[in-house]
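Chemist: can't give you the sequence, but here's the structure:
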């Protein structure tokens, strides 16, 4: 969009990906998970990656997180290699499942990344209190994961990802396994967290309303090979609520996303 | 009504069914004692032209000096004689022999557990060991312990290592195997998402080990320890057989079979099984304690 002012955009862009491809070598034939990906995420963005199952959206997120290595192309995260960014602990990752350690209570689960990056016991304690209250789970410090519902566990997982104050939050279908009511509530909470913490969020989903409601930039992907079909920017107020889902603009953007997905589908087949 | 209530109280809970089972086993045992000892007794009756009835046969077969199968009360008497009536320092006391066996079993158990954990860490973290070590470990367990135990005792004896250590080494030999198998599985048990999570925090190998793999492996470790601690007693007893050892339940078994004193053999066997069961129970308690501390509901 603003390629001309590349120096200026380098300041604000936090993830920069160009011509990125990733091929998994399998025993039968190579799988082209990602093909010629070009994208840019600015600091403070809420970017959603949406597409059908198997379109490589999770793989793309994992490449950003340095959990997967690209086959070709360039990627920089905060101006560094993804590997360096990971070593600098610049992102918190929220998985599809809460991924809590069952033998640690809620508080100790949040302490995990803090322990690993050498925070003192007092800092751990105050940070876990702070972020548990941010996700509305004060009072659950001493409970164990199995004593919490799925939605609560995922909130713990978000608090844990935020606890060490990374610049980015990478979320891989975090609410995919939850019921719709819980999912709606967590969507609103996440939006509020985003507004409060000013984090950059990259969010993988296959739900159109979720993507449209949460993001200011929606990246539509298609499958086999996984590539970017469309980038749709939205302009909803930051303090939006679910009421906007009834608005004409919301329906319009949803329609755009749906068409993008359809287009990708017909391309693929 | 009343009868069914009595029956109900018998089959519900643990005490009732266990008591019923024990009663049945004891009855079968008495019947077996009559069956196994009868041919010798009948021979004797016929040689001496004695008229005999079944009740006489039964009572004689339950009170023989050297029965093929001693009856439960004979074993109980032997147990009382060798546990309560003898000083525990006397070489005729089962407590004395139990202590000898138990101490080498425990040393062997500790060494075996330690060896098993070290080997499993090696297998999980060093891919060369993963490929080379496991076949040898499995092969080691295909050799009958009865074949290798005398050699270990003799070889170590010629090197001047005698007493408790050779026996403990044989226990170690049996113990380490379940620990290796369980711990390798346990250390590899964390799912890929948890491993990715640790990677996203740039966790060092040591951090991943202490904070993820080791705690995740503990349930597997305890399952292995229950097997290992029972095997440690078997190992210690087997080790006492070839050595001509002066003490230990194995030595007791051997002297019982030399002199045809079957009740002595059975008393030693029962003592050994009570010791093993107690040890397994202790490990089970430890497991429950650790699970509680770790907040796991198992």
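Modeler: Thanks, I have the structure now. Bear in mind the structure is a predicted one, so any value in this text is a computation, not a measurement.

Chemist: burial check on residue B:126, number of neighbours?
Modeler: 12 (other Cβ atoms under 10 Å in any protein chain shown). All C-beta atoms are positioned from the backbone trio N, CA, C, and that covers glycine.

Chemist: who's in contact with it?
Modeler: Applying Cβ atoms under 8 Å, 6 or more residues apart in numbering or on different chains to residue B:126 gives no contacts.

Chemist: per-residue pLDDT, residue 147?
Modeler: Looking at chain A here, since you left the chain open. As predicted, residue A:147 sits at a pLDDT of 92.

Chemist: actually it's chain B I care about, not the one you picked
Modeler: With respect to pLDDT, residue B:147 has a value of 86.

Chemist: can you count the residues close to residue B:131?
Modeler: Considering only other Cβ under 10 Å, residue B:131 is surrounded by 10 other residues.

Chemist: quick one: the residue nearest to residue A:215 when sequence neighbours are not counted from residue A:233, how far?
Modeler: Leaving aside its sequence neighbours, residue A:215 sits nearest to residue A:48 (Cβ to Cβ, 6 or more residues apart in numbering or on different chains; 4.0 Å). Distance of residue A:48 to residue A:233, given as Cβ to Cβ, to the nearest Å: 11 Å.

Chemist: those helices in the chain, which residues are they?
Modeler: Chain wasn't specified; assuming chain A. Ranges of helices in chain A, per DSSP state H, are A:6-12, A:57-64, A:82-87, A:106-116, A:121-134, A:150-163, A:180-197, A:208-214, A:248-268.

Chemist: switch to chain B, please.
Modeler: Under DSSP H, chain B gives helices at B:2-11, B:15-47, B:54-61, B:72-83, B:94-125, B:127-142, B:145-158, B:164-187, B:192-200, B:205-208, B:214-240, B:249-258, B:262-293.

Chemist: circling back to that earlier point, ok, the residue nearest to residue A:215 touching residue A:209?
Modeler: No: the pair residue A:48 / residue A:209 is not scored as a contact, 11.0 Å apart, by Cβ atoms under 8 Å.

Chemist: the two: which has the busier surroundings?
Modeler: Between residue A:48 and residue A:209, counted using other Cβ under 10 Å, the more crowded position is residue A:48 (28 against 17).

Chemist: can you tell me the closest non-neighbouring residue to the residue most central in space within chain B?
Modeler: Residue closest to the mean C-alpha point of chain B, counted by Cα atoms, centre = their mean, is residue B:230 at 3.2 Å. Nearest residue to residue B:230 in three dimensions, chain neighbours excluded: residue B:276, at 4.7 Å (Cβ to Cβ, 6+ apart).

Chemist: got the contact list for the residue lying closest to residue A:184 once chain neighbours are set aside?
Modeler: Nearest residue to residue A:184, sequence neighbours excluded (Cβ to Cβ, 6+ apart): residue A:242, at 6.6 Å. For residue A:242, the contact set (Cβ under 8 Å, 6+ apart) comprises A:184, A:188, A:213.

Chemist: next, count neighbours for residue A:35.
Modeler: Around residue A:35 there are 19 residues (other Cβ under 10 Å).

Chemist: so what's the residue count around the nearest residue to it once chain neighbours are set aside?
Modeler: Distance criterion Cβ to Cβ, 6+ apart; nearest residue to residue A:35, sequence neighbours excluded, is residue A:225 at 3.6 Å. Residue A:225 is flanked by 18 other residues according to other Cβ under 10 Å.

Chemist: so what touches stretch A:22-33?
Modeler: A:21, A:34, A:56, A:59, A:63, A:68, A:69, A:70, A:71, A:224, A:225, A:226.

Chemist: quick check: mean pLDDT across it?
Modeler: pLDDT averaged over stretch A:22-33 gives 86.

Chemist: list the buried residues for that stretch?
Modeler: For stretch A:22-33, a neighbour-count test (16 or more other Cβ atoms under 10 Å in any protein chain shown) marks A:22, A:31, A:32, A:33 as buried.

Chemist: quick one: stretch B:203-211 near chain A?
Modeler: Yes: Stretch B:203-211 comes into contact with chain A (Cβ under 8 Å from any Cβ of the partner chain), by way of B:203, B:207, B:211.

Chemist: out of these, who's the most crowded?
Modeler: residue B:203 (21 neighbours).

Chemist: contacting residues for residue A:162?
Modeler: So residue A:162 contacts A:92, A:131, A:134, A:169, A:193, A:197, A:199 (Cβ under 8 Å, 6+ apart).

Chemist: kindly report the same for residue B:145.
Modeler: B:170, B:173, B:174, B:234, B:235, B:238.

Chemist: thinking the first one is in contact with residue B:149, fair?
Modeler: Right, residue B:170. Yes: the criterion here is Cβ under 8 Å, and residue B:170 meets it with residue B:149 at 5.1 Å.

Chemist: up against chain A, what does chain B have?
Modeler: Contact residues (Cβ under 8 Å from any Cβ) of chain B with chain A: B:193-194, B:196-203, B:207, B:211-212, B:215-216, B:218, B:294-297.

Chemist: can you pull the contacts of the residue lying farthest from the centre of chain B?
Modeler: Farthest-out residue of chain B from its mean C-alpha position, per Cα atoms, centre = their mean: residue B:49, at 46.9 Å. With contact set as Cβ under 8 Å, 6+ apart, residue B:49 has no partners.

Chemist: equivalent analysis for residue B:183, please.
Modeler: Counting by Cβ under 8 Å, 6+ apart, residue B:183 has contacts B:116, B:117, B:120, B:121, B:217, B:220, B:221, B:224.

Chemist: out of the contacts of residue B:145, who's nearest residue A:205?
Modeler: The closest of the contacts of residue B:145 to residue A:205 turns out to be residue B:174 (Cβ to Cβ; 54.3 Å).

Chemist: and the gap between residue A:174 and residue A:191?
Modeler: 13 Å.

Chemist: between those two, which has more neighbouring residues?
Modeler: The neighbour comparison of residue A:174 against residue A:191 (other Cβ under 10 Å) goes to residue A:174, with 26 against 21.

Chemist: just give the nearest non-adjacent residue to the more buried one, would you?
Modeler: residue A:94 (4.6 Å).

Chemist: what's the local residue count around that neighbour?
Modeler: 27.

Chemist: report pLDDT for it.
Modeler: Per-residue confidence (pLDDT) for residue A:94: 95.

Chemist: so it is in contact with residue A:156, correct?
Modeler: No: in this structure residue A:94 lies outside contact range of residue A:156 using Cβ under 8 Å: 10.3 Å.

Chemist: where does pLDDT dip in the chain?
Modeler: Going with chain A. A:1-11, A:265-269 (pLDDT under 70).

Chemist: other chain: chain B
Modeler: Checking chain B against pLDDT under 70 turns up B:1, B:243-245, B:297-298.

Chemist: one more pass at 50, please.
Modeler: B:298 (pLDDT under 50).

Chemist: which residues touch the residue nearest to residue A:35?
Modeler: Residue A:225 neighbours (Cβ under 8 Å, 6+ apart): A:32, A:33, A:34, A:35, A:56.

Chemist: can you lay out the contacts of stretch A:22-33 as CSV showing distance to residue B:64?
Modeler: Shown next, in CSV, are those (distance: Cβ to Cβ, whole Å):
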residue, distance to residue B:64
A:21, 87
A:34, 84
A:56, 82
A:59, 79
A:63, 82
A:68, 77
A:69, 79
A:70, 84
A:71, 83
A:224, 83
A:225, 86
A:226, 84
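
Chemist: just the residues you listed now: which is nearest chain B?
Modeler: residue A:68 (9.9 Å; Cβ to the nearest Cβ).
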